[in-house]
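>>> structure for the following, please:
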Amino acid sequence: MGKDIKYINRDFTDFRQRLIEFSKTYFPNTYNDFSPSSPGMMFMEQASYVGDVLSFYLDNQIQENFIQYAQQTNNIYELAYMFGYKPKTSTAAQVSVDVYQQLPAITVGSDVVPDYSYALTVAENTTINANGVNFIIQDKIDFSISSSQDPTDVEVYQISGNTPQYFLLKKTRTAVSSTIQTTQFNFTDPEQFTTITLNDSNIIKILDVVDSDGNKWYEVDHLGQEMVFNPVKNTNINNPNNQEDTPYLLQLKKVQRRFATRLISNNQIQLQFGSGTSSDSDENITPNPNNVGLGLPFSKNKLTAAYSPSNFLYTDTYGIAPSNTTLTVRYLTGGGVNSNVPANTLTTISTSTVNFQQINLNPTTSDYIFQSLFTTNPLAASGGKGGDTIEEIRQNTMMLIASQLRSVTADDYLVRALSMPSDYGALSKAFIQQPKLTDNQVSTVESLNLFVLAQDNNGNLSTASDTLKNNLRTYMSQYRMIGDVIEIRDAFIINIGVNFDIIVLPNYNNNEVLLKCINKLKEHYENL
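Predicted coordinates for the structure are as follows:
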């Protein structure tokens, strides 16, 4: 005879009541003492207790599998990484810093110009301090050069009679509130997917990892990613068609020494390395979109091979594992709300990384010039805050699930193009649209036209150089859907003039009113 079993009981009271009803229904003559102190009730309540605990853990385990309902911190971290979001322990403040130095004047022909033999070089990651809060300048400063992407403001600083004696040079850089920390890890025999853990508070990011042989290890989003962006200095040697609007050439580099990072708690970051060893050398690759679909460069059947989702190169080790070496890890700490320092407080710069480019300079003059180095921040620093809260991790992860950093719509491609790092060239204007087809034309591919413009030295719109467009093409290739075709085109520059008449009210200066009108028109069209 089938028995009536209920499966909707979820807590101790329901389990207890159903067991009593079950006993009364199917064992009325066997047991009928349901008083609280009876032996039978003891076993029923023990079974109810076990059922209640098992139900709780079952519900909890199901809940912890969904990012929108999970409550345990370690589960939320794991789910975030599973969907591609990297939580942050601290967010650094950023601010624009003006860096000044003086130069002595020299006479060249009939002109008095700065003597650039006394130009200083400030190395990357130089520290500036503001009331105990450290900032670093991540980009190198070279006062001997000036370009549209790295302009140098020059003005007369000191005059003797009618002749300039010293000039004042100014460059602007972005400073980030952080301090560089260094630690080392020793490795002997290689281990698959070996991991190391950094224990520190307010870790912002990994700056670099270098082994004892001088080899650089690259951070990737996941160990299956073989390709990284590799900046190459845009010089005449590297680029015969050198153009100043792009400080660096953007290349893709296949790397075997790589690692992925994972935040496992508020003060612990884990670095995971690859699973094998390899003697293959690194390779710089400039991808050609025309080669996509022509076949991979081997004839064997590789249908079961593992491929990096970011490129078409075969990988069988997911990176190499470090062995018989010492890794030096440099990472940044800092940030937080207290890093939002007021204006004009970043005035103490570390001179340990400041040098003259030339030697055999006049000691007295060089000492004066070295002491003239000065920094300040015209505006207050902003953006510094603590790490992601549990709710922020949850919401940011759900937001990322929909995009996965891939470009799907036309607006996605437009935002991605404008997000290209300025080291590889800066776009001033960009517009994207589908090509216009005639009535009897049918598009067989998802094609988009991306129109771009840059700026010249004077801040006016100009046609983007071939180098800038090649960098943009390489950058976009890592986010492009495989079936999409992006054609990068030059936009048209149309210069317009505005003729207008004004009537000035009495008691107003005509020239002053006219100047204000002209400035308002300039502001209006500059913002278009």
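
>>> how far does the helix or strand where Leu468 lies sit from its chain's centre?
Secondary structure from DSSP states H and E places Leu468 in helix 466-477. Chain-centre distance of helix 466-477: 18 Å, with Cα atoms, centre = their mean, to the nearest Å.

>>> report the mean per-residue pLDDT for the helix or strand that that helix is followed by.
Toward the C-terminus, helix 466-477 is succeeded by strand 484-490 as the next helix or strand (DSSP H and E). Average pLDDT, strand 484-490: 88.

>>> which strands and helices sit next to strand 484-490?
Counting contacts by 3 or more Cβ pairs under 8 Å, 6 or more residues apart in numbering; DSSP states H and E, strand 484-490 packs against strand 446-455, helix 466-477. From N, CA and C alone the C-beta is placed, and that goes for glycine too.

>>> let's see the distance spanning stretch 354-368 from one end to the other.
One end of stretch 354-368 sits 14 Å from the other (Cα to Cα, to the nearest Å).

>>> shaky segments in this protein?
In the predicted model of the chain, residues 1-2, 235-247, 277-317, 401-406, 422-423, 437-446, 457-459, 527-528 satisfy pLDDT under 70.

>>> tell me, what residue is most central in it?
Residue closest to the mean C-alpha point of the chain, counted by Cα atoms, centre = their mean, is Pro421 at 9.3 Å.

>>> what about it, distance to Thr174?
Between Pro421 and Thr174 the computed distance is 12 Å (Cβ to Cβ, to the nearest Å).

>>> same deal with Gln272?
From Gln272 over to Thr174 the distance is 30 Å, taken as Cβ to Cβ.

>>> more neighbours: which of the two?
Comparing Gln272 with Thr174 by other Cβ atoms under 10 Å, the one with more neighbours is Gln272, at 19 against 13.

>>> can you pull the contacts of that one?
Gln272 sits next to Phe193, Thr194, Thr195, Leu223, Phe259, Ala260, Thr261, Arg262 when contact means Cβ atoms under 8 Å, 6 or more residues apart in numbering.

>>> columns neighbour count and secondary structure on top of those, output as TSV?
Output for these, formatted as TSV (neighbours: other Cβ atoms under 10 Å; DSSP: H, G, I helix; E, B strand; the rest coil):
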residue	neighbour count	secondary structure
Phe193	14	coil
Thr194	18	coil
Thr195	13	strand
Leu223	19	coil
Phe259	23	strand
Ala260	22	strand
Thr261	18	strand
Arg262	17	strand
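
>>> could I get the phi/psi values of Thr25?
phi -80, psi -50 (degrees, to the nearest 10).

>>> same question, Leu515
Leu515 adopts backbone torsions of phi -60, psi -40, taken as degrees, to the nearest 10.

>>> pull the number of nearby residues for it.
Neighbours of Leu515 under the rule other Cβ under 10 Å: 11.

>>> where do the helices of the protein begin and end?
Secondary structure of the chain (DSSP state H): helices at 12-26, 39-63, 73-82, 363-371, 390-403, 410-418, 466-477, 510-526.

>>> most packed of the ones you listed?
Of all these, helix 466-477 carries the top mean neighbour count, a mean of 20, counting by mean count of other Cβ atoms under 10 Å.

>>> could you dump that one to PDB, C-alpha only?
Output in PDB follows, covering the C-alpha atoms of helix 466-477 (Å, rounded to 0.1, in the frame of the first residue of the first chain):
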ATOM      1  CA  ASP A 466      48.100  56.100 -40.600                       C
ATOM      2  CA  THR A 467      50.000  55.200 -37.400                       C
ATOM      3  CA  LEU A 468      47.100  56.200 -35.200                       C
ATOM      4  CA  LYS A 469      44.600  54.300 -37.400                       C
ATOM      5  CA  ASN A 470      46.800  51.200 -37.400                       C
ATOM      6  CA  ASN A 471      47.000  51.300 -33.600                       C
ATOM      7  CA  LEU A 472      43.200  51.700 -33.400                       C
ATOM      8  CA  ARG A 473      42.800  48.700 -35.800                       C
ATOM      9  CA  THR A 474      45.000  46.600 -33.600                       C
ATOM     10  CA  TYR A 475      43.300  47.700 -30.400                       C
ATOM     11  CA  MET A 476      39.800  47.100 -31.800                       C
ATOM     12  CA  SER A 477      40.700  43.600 -33.100                       C
END
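
>>> what's the angle between that helix and helix 410-418?
Calculated by axes from the mean of the first three to the mean of the last three Cα atoms, to 10 degrees, helix 466-477 forms an angle of 130 degrees with helix 410-418.

>>> and the angle from helix 466-477 to strand 484-490?
Our comparison of helix 466-477 with strand 484-490, counting by the same axes, to 10 degrees, yields an angle of 160 degrees.

>>> report all helices and strands that helix 466-477 contacts.
Helix 466-477 packs on strand 248-254, helix 410-418, strand 446-455, strand 484-490, going by 3+ Cβ pairs under 8 Å, 6+ apart.

>>> for Thr353, find the nearest of the ones you listed.
With Cβ to Cβ as the measure, strand 248-254 is the member of the helices and strands packed on helix 466-477 nearest Thr353 (20.7 Å).

>>> show me what that closest one is packed against.
Using 3+ Cβ pairs under 8 Å, 6+ apart, strand 248-254 sits against strand 227-233, strand 283-285, helix 466-477.

>>> partners of it, with directions?
Using DSSP bridges, strand 248-254 pairs in its sheet with strand 227-233 (antiparallel), strand 283-285 (antiparallel).

>>> among those strands, which is the most enclosed?
Taking mean count of other Cβ under 10 Å, strand 227-233 is the most buried of the strands paired with strand 248-254, at a mean of 17.

>>> and stretch 56-74, how far out from the chain middle?
With Cα atoms, centre = their mean, you get 30 Å for stretch 56-74.

>>> ok, now stretch 363-380?
Counting by Cα atoms, centre = their mean, stretch 363-380 is centred 31 Å from the centre of its parent chain.

>>> do the same with stretch 151-163
Here stretch 151-163 is found 39 Å from its chain centre; the criterion is Cα atoms, centre = their mean.

>>> send the alpha carbons of it over as CSV?
The C-alpha coordinates for stretch 151-163 follow below in CSV (Å, rounded to 0.1, in the frame of the first residue of the first chain):
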residue,chain,number,x,y,z
PRO,A,151,53.5,69.5,-25.1
THR,A,152,56.0,71.6,-23.1
ASP,A,153,54.9,75.1,-22.1
VAL,A,154,57.9,77.5,-22.2
GLU,A,155,57.9,81.0,-20.8
VAL,A,156,60.5,83.6,-19.7
TYR,A,157,61.2,83.2,-16.0
GLN,A,158,63.9,85.8,-15.2
ILE,A,159,65.1,88.8,-17.2
SER,A,160,68.3,90.8,-16.8
GLY,A,161,68.0,94.1,-18.5
ASN,A,162,66.1,93.2,-21.7
THR,A,163,67.6,89.7,-22.0
